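[1] need a structure here:
(chains A and B)
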Amino acid sequence: MPDNNKTQLPFLDIKDLVVEYVSDGEIVHAVNGVDLHLERGKTLGLVGETGAGKTTIAKSILRILPDVGAKICGGQVHLDGENLLELQEVDMRKIRGNKISMIFQDPMTALNPVQTVGDQIAEVVHLHLEHGDHTDPVARAKEMLEIVGIPAERYHEYPHQFSGGMKQRVVIAIALACNPDLLLADEPTTALDVTIQAQVLDLIGDLRKKYNTAMLLITHDMGVVAQVCDDVAVIYAGTILEYGTKRQVFKHPTHPYTIGLFGAIPDMNEDEEWLHPIDGLPPDPTNLPKGCAFSPRCPYATDECRKEPIKIYKTPDGHDCRCCRMGAIAKKEG
Amino acid sequence: MPETKTAAAPVQQKAKKKSEFMRVMRQLSKNKLAMVGLAILIIEILLALLAPYIIPYDYAKMDVVNAFQTPSAAHLFGTDDTGRDIFSRVLYGGRYSITTGILAVLISLVPGIVIGAIAGYFGGQVDNIIMRILDIIQAIPGMLLMIVIASVLGPGFFNTIIALSISSIPGSARMLRAQMLKERENEYIEAAQSINCSKFRIIFSHLLPNCMSPMIVSSTMGVAQTITMAAGLSFIGLGIQPPTPEWGAMLSDARQFMDQAPHLIIFPGLAIAITVLALNFLGDGLRDALDPKLKN
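    Coordinates of the predicted model:
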């Protein structure tokens, strides 16, 4: 059976993932039936606003959601044909940091302040040493530091002695120290300024090419997506609204939300006085609308949209879009 | 599973530990007050250790004729109500007072850290249950609790230490829990989970070092407090038994002669005060030295 799956399923295949949080007796619907797939060496961009469930998806893949309050209610996450959600904790631990690793959003807090950076890199290597493996964690950590462009002599320094960009390099070094097959990058550049952002993205890109690592890139920056990704999934209130290759989504954004996102990016060539935000706020995740989650903010919404959950439709160029009025909107917008 | 530090790199591991200790010591040596505190403590401990060879009189030998002598060349600190040499008693008493303070704190730290770490890391019901039990223990006045424990165990040096340490477990557990609650929200804990650290490793290798500085400061000051509490126990006859000299006990005994012979109370009092001050200096210095952010 697993052999069978291996040939059929993509490298990473997420099916109908549902995650809920319980807080103060209320159920927060963080992720509601998400499907994603990713091949080796490719990059999938997960785009959405704060609170759309992006980070929750990444944490569900690694199964590091908080013990108290968070629950994966359904779905499957297959990596290389293995359902991660059904694995024993013991087997899962061989995967964390080794086959899948994660880059965190804020390098300022993602490093332990009282451990030297070198030791923190060495730790992940050390934790994944198999019996009979004589890799020296310290040597490997020094090598990783050099790879991300930090002199190995700085092994014994502490995180506070590094700048933000360098800290993020250390975080990347930790994530890549065991040559993972899948990298979960949770807004890796959000906390950095634009020049450092470019450097860090280049660095991740180079290293990924070298090791053929697949990446799930979580971001809310369309510019980063354009620079790095192969595929794009637009997520809103825990549901994928539009999903296709970067070319498809950027050339022909079809869902009104995606159109709104692109519309919100100011055009540098025109003298615009006002930005064009999408009116309204994301829905309360404890009380999602019955139909399309975006319908309360959607300028094209009709009663049909509010009645029941929307299916996924194929757009003319063949990507997925969760909008039942897609055709009508396309006509209206010309 | 190579969960604990296996034989992967024992040599480096050892070298790192040593250099870390050296770093803290180097850092500590830059702090003048801390060095003064450390020097005082070392001198006190040396004097206490060498007391039998230094003291001019037997600490328990009574000499009623020479009672209430004021300080003089023969009796540096004078003599007490039964004519015992106070200098000898203070020096010798350091053995008991300092050991009681340090040992009681160390013994209480071990369960305190374990309980606090578990409550703080796991949170939820586990935390709730542990904290309510600690509440019950803390609802009993500390002195009363010590009296009960000491009277059950009976008087004596080690029983005093145990009584003192049991009653200070809830305090250190609570303090560590609060620190843990604060620290575990940091992203580096999630990062540690994501690279496959076990819960045990996260608690003891990532969280604890980040929670230690307030613990170290409160412990050094706790030693001071414990010395005074031990004095209280001695006073009601449950602590260290006479004629063994102990600073607190000497203080209590001297109370009744405070107005006629103040030197009876001044010298053991000074000994306690100096020790407490030295411990506080050292505690402050250690806190700074242990924080890598203050390294220059």
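
[2] Let me know the secondary structure of A:L183.
    strand (DSSP: H, G, I helix; E, B strand; the rest coil).

[3] Could you measure from it over to A:V249?
    Distance from A:L183 to A:V249, counting by CB to CB, to the nearest Å: 21 Å. C-betas here are computed from N, CA, C, even on glycine.

[4] try A:G45
    9 Å.

[5] again, but for A:P296
    Using CB to CB, one obtains 23 Å as the distance from A:P296 to A:V249.

[6] okay, those two: which has more neighbours?
    Neighbours were counted for A:P296 and for A:V249 using other CB atoms under 10 Å in any protein chain shown; A:V249 has more, 29 against 16.

[7] Let me see the contact set for the residue nearest to that one when sequence neighbours are not counted.
    Across the structure, with CB to CB, 6 or more residues apart in numbering or on different chains as the measure, the residue nearest A:V249 apart from its sequence neighbours is A:V232 (4.5 Å). Neighbouring residues of A:V232 by CB atoms under 8 Å, 6 or more residues apart in numbering or on different chains: A:44-45, A:47, A:225, A:242-246, A:249-250.

[8] Surely A:E242 forms part of a strand?
    Yes: counting by three-state DSSP, A:E242 is found in a strand.

[9] Who's the closest spatial neighbour of A:P309, skipping the chain neighbours?
    Of all residues not flanking A:P309 in the chain, A:G291 sits nearest, at 6.6 Å (CB to CB, 6+ apart).

[10] For that neighbour, report the pLDDT, please.
    Listed pLDDT for A:G291 reads 85.

[11] What residues does the stretch 51-200 of chain A have near chain B?
    Within the stretch 51-200 of chain A, the positions near chain B by CB under 8 Å from any CB of the partner chain are A:59, A:62, A:64, A:67-68, A:90, A:93-98, A:101-102, A:104-106, A:109-115, A:119, A:123-124, A:126-129, A:131, A:136-138, A:156, A:158, A:160, A:171, A:174.

[12] Derive a ChimeraX selection command for the buried subset of those.
    Selection command for ChimeraX covering only the buried members of these, criterion 16 or more other CB atoms under 10 Å in any protein chain shown:
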select /A:59,62,64,93,95,96,97,98,101,102,104,105,106,109,110,111,112,113,114,115,119,123,124,126,127,128,129,136,137,138,158,171,174
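
[13] Now, the residues of the stretch 51-200 of chain A next to chain B that are in strands?
    The strands, defined by DSSP state E, take in A:101-102 from those.

[14] B:S167: how many residues sit nearby?
    Using other CB under 10 Å, B:S167 has 26 other residues around it.

[15] Within the helices and strands, which one has the residue nearest to A:V249?
    With the criterion set as DSSP states H and E, the secondary-structure element containing A:V232 is strand A:231-236.

[16] and that strand, how far from the chain's centre?
    Distance of strand A:231-236 from the chain centroid (CA atoms, centre = their mean, to the nearest Å) equals 10 Å.

[17] same question, stretch A:94-114
    On CA atoms, centre = their mean, the centre of stretch A:94-114 falls 14 Å from the chain's centre.

[18] before we move on, what about stretch A:252-272?
    Taking the mean C-alpha point of stretch A:252-272 and that of its whole chain, the gap between them comes to 22 Å (CA atoms, centre = their mean).

[19] Stretch A:285-303 too?
    In this view, stretch A:285-303 has its centroid 24 Å away from the chain centroid, taken as CA atoms, centre = their mean.

[20] What is the end-to-end distance of that stretch?
    The separation between the terminal residues of stretch A:285-303, taken as CA to CA, to the nearest Å, is 21 Å.

[21] what's near enough to touch the residue in chain B that chain A sits nearest to?
    When distances are taken as CB to the nearest CB, chain B reaches nearest to chain A at B:I195, 3.3 Å away. Under the criterion of CB under 8 Å, 6+ apart, the contact partners of B:I195 comprise A:96-97, A:101, A:123-124, A:127, A:174.

[22] Can you tell me which of these is nearest B:I102?
    Within those, the smallest distance to B:I102 is 33.0 Å, found for A:E123 (CB to CB).

[23] residues in contact with whatever residue of the stretch 51-200 of chain A ends up closest to chain B?
    Using CB to the nearest CB, the point where the stretch 51-200 of chain A gets nearest to chain B is A:G97, with a distance of 3.3 Å. For A:G97, the contact set (CB under 8 Å, 6+ apart) comprises A:124, A:127-128, A:178, A:180, B:194-196.

[24] Tabulate these (a markdown table), appending pLDDT.
    Rendered in a markdown table, the data for these read as follows (pLDDT from 0 to 100):
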| residue | pLDDT |
| --- | --- |
| A:V124 | 88 |
| A:L127 | 87 |
| A:H128 | 85 |
| A:C178 | 86 |
| A:P180 | 88 |
| B:S194 | 84 |
| B:I195 | 83 |
| B:N196 | 81 |
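
[25] Let's see which of these end up in helices.
    Assigned to helices by DSSP state H, the following of the contacts of A:G97 qualify: A:124, A:127, B:194.

[26] Give me every residue in the stretch 151-296 of chain B lying close to chain A.
    Counting by CB under 8 Å from any CB, the positions of the stretch 151-296 of chain B adjacent to chain A are B:186-188, B:190-198, B:206, B:209-210, B:291-293, B:295.

[27] Can you select the buried ones among these for me in PyMOL?
    Written as a PyMOL command, the selection of buried residues from these, which uses 16+ other CB under 10 Å, is:
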select buried, chain B and resi 186+187+188+190+191+192+193+194+195+196+197+198+206+209+210+291+292+295
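
[28] my guess is A:L38 meets A:C229, correct?
    No: in this structure, A:L38 sits apart from A:C229 without contact. The criterion is CB atoms under 8 Å, and the distance is 10.6 Å.
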